[in-house]
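Engineer: sequence plus the predicted model coming up.
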Amino acid sequence: MKLVTSAALSAILVCTSASVFAETPDFSKTAAAQSSYDFSKNQPAKGNNVQPNSAQHDFSKTAAASREYDFLNNQAALFPKSIEPFAAYVI
């Protein structure tokens, strides 16, 4: 039992001491922290293939975009007969 306790305490000591002694980087000493640094001279990132998001959907690729699609065959939406706005809050 003493061996298990000793091993557990040693593991806790190693894990906590590593984070205590870890150096935090001081960015105030970098070149970019100087007031004279010109960010416009930075080189753009290479290989950045991230496509911009678009909020527009291309409806030309849907089934409804074809000439053969018949809108009269669409099923009507089902609406509730009564709406109880505070029904979720009743306990």
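Structural biologist: That came through fine.
Engineer: what about this protein, any weak spots by pLDDT?
Structural biologist: Low-confidence segments of the chain (pLDDT under 70): 15-22, 48, 50, 52, 54-55, 83-91.
Engineer: now do the helices in it.
Structural biologist: Ranges of helices within the chain are 2-21, based on DSSP state H.
Engineer: find the centremost residue of it, please.
Structural biologist: Per CA atoms, centre = their mean, the C-alpha nearest to the average position across the chain is that of Asn53, at 13.9 Å.
Engineer: and that residue, how far from Pro44?
Structural biologist: Using CB to CB, to the nearest Å, Asn53 is found at 20 Å from Pro44. Backbone N, C-alpha and C define where each C-beta goes, glycine included.
Engineer: try Tyr37
Structural biologist: Tyr37 is 17 Å from Pro44, where distance means CB to CB.
Engineer: please say which of those two ends up with more neighbours.
Structural biologist: Tyr37 (11 against 5; other CB atoms under 10 Å).
Engineer: tell me if I'm right that the more buried one and Phe27 touch.
Structural biologist: No - counting by CB atoms under 8 Å, Tyr37 does not reach Phe27; the two are 11.9 Å apart.
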